[in-house]
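Asks: Sequence below, structure please.
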Amino acid sequence: MLSQPIQSSFLLPDGSEVIIETGKMARQADGAVTVRQGNCILLATVVANKDPKEGQDFFPLSVDYQEKFSSAGRIPGSFFKREARLNDYEILTSRLIDRALRPLFPEDYFCDVQVLISLISSDPEIMPDALACLAASAALAVSDIPVKEIISEVRIGRINGQFVVNPTRSQLEIADMEFIIAATEKNLMMVEGEAKECSEEDLVLALQLAHDAIRIQITAQEKLRELKGITSKREYKKPVEDLELKAKVDAFARTKIYDISRKGSSKHERTDAYAVVKDELIASLGEEVTDVQKKLAKKYYADLQWEVVRSMIIDDRIRLDGRKLDQVRPLSMEVDILPGPHGSSLFTRGETQSLTTVTFGTALDELLVESAAKSVESKFYLHYNFPPFSTGEVKMMRGQSRREVGHGNLAQRSLKQMMPSSNEYGYTVRVVSDILESNGSSSMATVCAGSLALMDAGVPVPKHVSGVAMGLITREDNKYAILTDILGDEDHLGDMDFKVTGTRDGICGVQMDIKVDGLSMDTMREALAQARAGRLHILDAMYDTIAAARAEVKPHAPRVIKYIIDKEFIGAVIGPGGKIIQEIQKETGTTINIEEVGNTGQVSIFSNNKEAVEKALNWVKGIVSVPEIGTEYEGTVKSIKEFGAFVEFLPKKEGLLHISEISWKRLETMEGVLKEGQKIKVKLLDIDSKTGKFKLSHKVLLPRP
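Replies: Got it, this is the predicted structure:
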């Protein structure tokens, strides 16, 4: 007999009810809930080991979001007909949840924690990713796992000028702003999204409205926890501390770390210098020091390094590479550096470098983006690669990491804002960013390099998009420092790490992780303003490199022509069993794709040969052309009879050119007058209303004697 489930609920601003329930499913997990809106139901479970593994010195949290195809009444399309590895959409959703949950756990908590969220029932209009973090947080709330706070996450979109919390899938298609925001009762935790050139103030307003909605969801989780009777959290084994050793590390290394940090040296010089001090520190502890003490000393050394560098930046306004707080590293950029790709660029900012290429394809190259609710074809996609040599490391190459998926997605959604619509632009466009060097914000380098490469390829993007990674360091005495274009070493120092992409006219993409309590909106505005200044500085250099998209694609790039035909002619162009379109492609060496859009058919013709494209286009035009009496055509003699010749004046349309209509001079015989394959100009004189036969004349185009 199942125990009686416990429920809590709240209303979204549009009146939709969201129900959180626990006690009915997955009761052996430490915490399990279902979250329901409409027909969309998510099951979230969380399990944590009671004790950390021996010698564990980091927090092993794993978060996986997966959509069951059965939730939408579908069977997976893979060979095995079952859900396989997570797709990119599921990975991105998992990352959104992970980034929001991770700061909730105590810093000294090292037990393995696994959070699993599954979509078990799908609603075609409800976006499940907006509810997934709510479900994960609720599962933690009804468990005894020691989290510090309850959080939630919402999507906010702007539709027709109005902000909407958790918009439907249909609403989202016409939104010009879309952000997913996670927060506790008091503080924002994570922001990620895109916009069609929104202002910084628009973003701040969206954050405020989202936070108000999140507080309602947190109250519902607190009620559920209270009904469940959770009043305390489990005790856990804390790591060993040695305060005497910590003091020794501080006394030995503080000044040395400070001296290295303020030199303004390169990444490798700085890393080597820090390593030397660490080795000297371990040696200074003597031969009697244990392995446990060595490990602790290294930890204290890393903590001290974090503290010293933060204080140096706040107090001395000095950065690790000697720059001012708002200064962007030296920039270098080139386009058209590779002869093979259809567009290319090399973007270097300090010690971060991206080699980016653009490749054109046909409709056959579109990317299938599959989820439980729907599958769509994408004509623009970006792939980001981060090989280990970019940081001077040796690592196994085991496929794309979650980090690579996330960084590529941020760059893709930023550049997408400037791409022409798929209805206007016939090409499928693939952008590939290979990171050749990395010392901070390779995703922002990808945005800049991608924009340059798109213009170099001749993609009609109206404006450049650039991006800059920012950092914020705060202290209890209310002092803070905002850093522009952060280094890799500065990345983990900050209390807020955020990346902002955009044009000169507004923001196109944002990714933000906030770790500080009580961050004021005024500080947020100041940080966004400094990010805008950095973005504009980079944009000026990009426009100096290539000011606008090339008027034409490269000579070796495929040509594409789009031609709109009436819907009723689609079948005629394709032909029975595809016979006609296959013949056109074979004869001209082109690739042709036809899409039905409303009451029209969009014919896209691709080829590297301009003449072949024009030949195929004329062929299609001929098929869809309606013969008009009195119109002149250039025809081809197909067969000769004793009474005249049959002439093809439009593709697959032949008419009779009677012997009396060839010349004003009377002809006794057709012998020697015309030959098969000969080109001849004719005029359509009449169309038989009963038989549909065409009557042609050549003599009316000749001077009359």
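
Asks: wait, what's in contact with the nearest residue to Ile230 once chain neighbours are set aside?
Replies: Leaving aside its chain neighbours, Ile230 sits nearest to Val142 (6.0 Å; criterion: Cβ to Cβ, 6 or more residues apart in numbering). The C-beta positions use only the backbone N, C-alpha and C, and glycine is treated the same way. Contacts of Val142 were listed using Cβ atoms under 8 Å, 6 or more residues apart in numbering, and they are Thr22, Gly31, Ala32, Val33, Leu224, Arg225, Lys228, Ile230.

Asks: could you redo the last one with a cut-off of 10 Å?
Replies: Taking Cβ atoms under 10 Å, 6 or more residues apart in numbering, we find Val142 in contact with 6, 8, 20, 22-23, 29-33, 46, 221, 224-225, 227-230.

Asks: Tell me the buried residues within those.
Replies: 6, 8, 20, 22-23, 29-33, 46, 221, 224-225, 228 (16 or more other Cβ atoms under 10 Å).

Asks: Nearest to Tyr301 among these?
Replies: Using Cβ to Cβ, Val46 comes nearest to Tyr301 of these, at 33.6 Å.

Asks: host element of that closest one?
Replies: Applying DSSP states H and E as the criterion places Val46 in strand 40-48.

Asks: residues of whichever helix or strand comes after that strand that come out buried?
Replies: Using DSSP H and E, the helix or strand that follows strand 40-48 in sequence is strand 61-67. When burial is assessed from 16+ other Cβ under 10 Å, strand 61-67 yields the following buried residues: Leu61, Val63, Asp64, Tyr65, Gln66, Glu67.

Asks: Stretch 67-80 too?
Replies: Glu67, Lys68, Phe69, Ser71, Ala72, Arg74.

Asks: quick one: which of the residues you listed is nearest to Leu285?
Replies: Using Cβ to Cβ, the buried residues of stretch 67-80 come closest to Leu285 at Glu67, 52.2 Å.

Asks: My understanding was that that closest one contacts Ser94; is that so?
Replies: No - checked against Cβ atoms under 10 Å, the pair Glu67 and Ser94 is beyond contact range at 11.3 Å.

Asks: so what sits against both of these two?
Replies: In contact with both Glu67 and Ser94: Leu86, Ile117, Asp129, Ala132, using Cβ under 10 Å, 6+ apart.

Asks: so of the residues you listed, which ones are in helices?
Replies: Asp129, Ala132 (DSSP state H).

Asks: And the residue nearest the centre of the chain?
Replies: Asn409 (2.6 Å; Cα atoms, centre = their mean).

Asks: In contact with that one, which residues are there?
Replies: With Cβ under 10 Å, 6+ apart, Asn409 has these contacts: 88-89, 91-92, 95, 192, 194, 381-382, 384, 443, 509, 511.

Asks: From those, which land in helices?
Replies: Asp88, Tyr89, Ile91, Leu92, Arg95, Ser443.

Asks: Can I get these in CSV including distance to Thr184, neighbour count and pLDDT?
Replies: Converted to CSV, those look like this (distance: Cβ to Cβ, whole Å; neighbours: other Cβ atoms under 10 Å; pLDDT from 0 to 100):
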residue, distance to Thr184, neighbour count, pLDDT
Asp88, 28, 17, 91
Tyr89, 26, 17, 92
Ile91, 25, 21, 94
Leu92, 22, 20, 94
Arg95, 19, 19, 95
Ser443, 26, 27, 95
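
Asks: ok, of these, which one's closest to Pro339?
Replies: Distances from Pro339 to the ones in helices among the contacts of Asn409, taken by Cβ to Cβ, are shortest for Ser443, at 27.3 Å.

Asks: so what's the closest one up against?
Replies: Contact analysis of Ser443 by Cβ under 10 Å, 6+ apart lists 352, 354, 384, 386, 403-404, 406-411, 414, 433, 435, 467, 469, 499, 501, 509, 511.

Asks: Which positions within stretch 509-529 qualify as buried?
Replies: Going by 16+ other Cβ under 10 Å, stretch 509-529 has these buried residues: 509-516, 519, 523-524, 527-528.
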